[in-house]
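K.L.:
model the following, please.
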Amino acid sequence: MTGNGYTTTEQLRGRLGRLGIFAGPPTRLGIDPAALAAAVEKAGFTSLWVGGGNATPGDFQVLAAMLSSTERLVVATGIANIWAWDPAAIASAAASLEMQFPGRFILGLGVSHQGPVEALGHAYARPFSKMVSFLDALDEVPGDGLPPVVLAALGPKMLALSGERTTGAHPYFTAAGHTAQARSILGPGPLLVPEIAGSLAAGEAGLAAVRPYAARYLQMPNYVNSLRSYGFTEQDVSGAGSDRLLSEITPYGTAALLAGICAHLDAGADHVVIQPLASGGGFALGDLEELASTVAGLR
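P.N.:
Just a heads-up that it's a prediction; the model follows:
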């Protein structure tokens with residue numbers, strides 16, 4: 001499953017370039033979706049990946065508003081929670097965006113986490129098998145209107161599946177070592193789009209941004225187990241994370257954040273999506289222009 005045939009992986013790789021932006025759901029952040037997308041495009045980033053599960057048709061209407069308010073920006077779900085969707089329904093919603101905005105939408109799919117899935121009334125059982133079945137069902141949906149599909153992938157099995165069945169992988173909350181192994185598993189062809197969060201602020205101001213963010217994700221077993229498998233210790237993944245973990249996963253300070261982005265690119269990422277953090281761990285909308293200046297040499 002590589003999309004509808006109108007956008008090849010190489011075409012998408014070229015359209016994306018090297019750097020994009022990741023943000024949580026704009027309505028949850030208190031940000032107008034159209035304004036967020038316009039700001040990302042104005043700052044010169046080529047993509048905007050939207051988290052939060054994208055679990056309802058209303059979420060796809062938000063994505064449409066982002067696409068409508070921009071001219072070239074690629075918008076992606078990072079991710080859409082497959083436990084919340086019937087395959088035919090999400091195929092229809094995604095195909096509609098592809099039809100309205102050809103070549104500008106990526107459908108990122110993921111198995112989410114135990115808490116959100118149980119909140120939907122499902123048992124979080126055999127998530128890998130759930131993804132395989134979901135992809136099988138998507139393949140059975142009539143028509144060829146799907147946009148490119150990528151998978152949220154942490155472990156080797158999901159990474160391999162993303163390379164075999166979709167356009168590529170979109171890992172989240174990972175170090176550059178994970179990106180290197182992901183590229184090894186995927187091979188050179190599939191798209192690899194890791195996320196990196198961090199703060200332009202240095203010192204205590206930077207820590208005030210990254211600590212709450214890291215603490216939130218270190219409560220989720222999927223991420224903690226992945227970090228352990230890449231050499232992080234129990235001390236590293238406890239609480240809000242050790243200094244070592246913060247410096248590798250959520251770097252803070254201009255030089256450190258730039259180095260973290262470069263590390264993912266050097267490890268084999270095609271496109272790195274950056275999540276700028278403000279004090280308290282929220283999205284730093286006001287930092288987009290400064291961030292654009294910081295990474296100008298990487299484009």
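
K.L.:
what residue lies at the spatial centre of the chain?
P.N.:
G78 (4.1 Å; Cα atoms, centre = their mean).

K.L.:
mind checking which helix or strand the closest residue to it other than its chain neighbours is in?
P.N.:
Leaving out its chain neighbours, the residue that sits closest to G78 by Cβ to Cβ, 6 or more residues apart in numbering is W49, at 3.5 Å. Any C-beta I mention is one placed from the backbone N, CA and C, and that applies to glycine too. Counting by DSSP states H and E, the element that carries W49 is strand 47-50.

K.L.:
follow-up on the earlier one: next one: the residue nearest to the centre of the chain from L48, what distance?
P.N.:
9 Å (Cβ to Cβ, to the nearest Å).

K.L.:
give me the common contacts of the two.
P.N.:
Taking Cβ atoms under 8 Å, 6 or more residues apart in numbering as the criterion, G78 and L48 both touch F22.

K.L.:
do you have the helices of the chain handy? List them.
P.N.:
Here the chain has its helices, by DSSP state H, at 9-16, 26-29, 33-42, 57-68, 87-100, 114-119, 127-140, 156-165, 176-186, 203-217, 221-229, 243-249, 254-266, 288-294.

K.L.:
distance from the fifth one to the middle of the chain?
P.N.:
The reference is to helix 87-100. Put simply, helix 87-100 sits 19 Å off its chain's centre (Cα atoms, centre = their mean, to the nearest Å).

K.L.:
CA atoms of that helix as CSV?
P.N.:
Once non-C-alpha atoms are left out, helix 87-100 reads as follows in CSV (Å, rounded to 0.1, in the frame of the first residue of the first chain):
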residue,chain,number,x,y,z
PRO,A,87,-11.2,1.1,7.5
ALA,A,88,-13.7,2.0,4.8
ALA,A,89,-14.7,5.2,6.7
ILE,A,90,-11.1,6.5,7.1
ALA,A,91,-10.3,5.5,3.5
SER,A,92,-13.2,7.7,2.3
ALA,A,93,-12.2,10.6,4.5
ALA,A,94,-8.5,10.3,3.3
ALA,A,95,-9.5,9.9,-0.3
SER,A,96,-11.7,13.1,-0.1
LEU,A,97,-8.7,15.1,1.1
GLU,A,98,-6.5,13.6,-1.6
MET,A,99,-9.1,14.5,-4.2
GLN,A,100,-9.5,18.1,-3.0
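
K.L.:
I'd like the average pLDDT over that helix.
P.N.:
Average pLDDT, helix 87-100: 97.

K.L.:
before we move on, what about the longest one?
P.N.:
Taken as a whole, helix 203-217 has a mean pLDDT of 98.

K.L.:
would you mark the buried spots in it?
P.N.:
Residues 206-211, 213-214, 217 are the ones in helix 203-217 that count as buried (16 or more other Cβ atoms under 10 Å).

K.L.:
if I pick V224, what's in contact with it?
P.N.:
Contacts of V224 (Cβ under 8 Å, 6+ apart): 218, 237.

K.L.:
out of the helices of the chain, flag the one nearest I196.
P.N.:
Ranking the helices of the chain by distance to I196, with Cβ to Cβ as the measure, places helix 254-266 first at 5.6 Å.

K.L.:
if we can go back for a sec, pretty sure the residue nearest to G78 is in contact with L19, am I right?
P.N.:
No: between W49 and L19 there is no contact under Cβ atoms under 8 Å: 11.6 Å.

K.L.:
who's more crowded, those two?
P.N.:
More crowded of W49 and L19, by other Cβ atoms under 10 Å: W49, with 25 against 22.

K.L.:
and the more buried one, how far from M158?
P.N.:
18 Å.

K.L.:
tell me the mean pLDDT for the strand holding W49?
P.N.:
On average, strand 47-50 scores 98.

K.L.:
run a quick neighbour tally on A255.
P.N.:
A255, neighbours per other Cβ under 10 Å, totals 10.

K.L.:
cool, the one 10 residues further on as well?
P.N.:
For L265, the tally of surrounding residues (other Cβ under 10 Å) stands at 17.

K.L.:
for it, which residues are in contact?
P.N.:
Contacts of L265 (Cβ under 8 Å, 6+ apart): 18, 272, 298.
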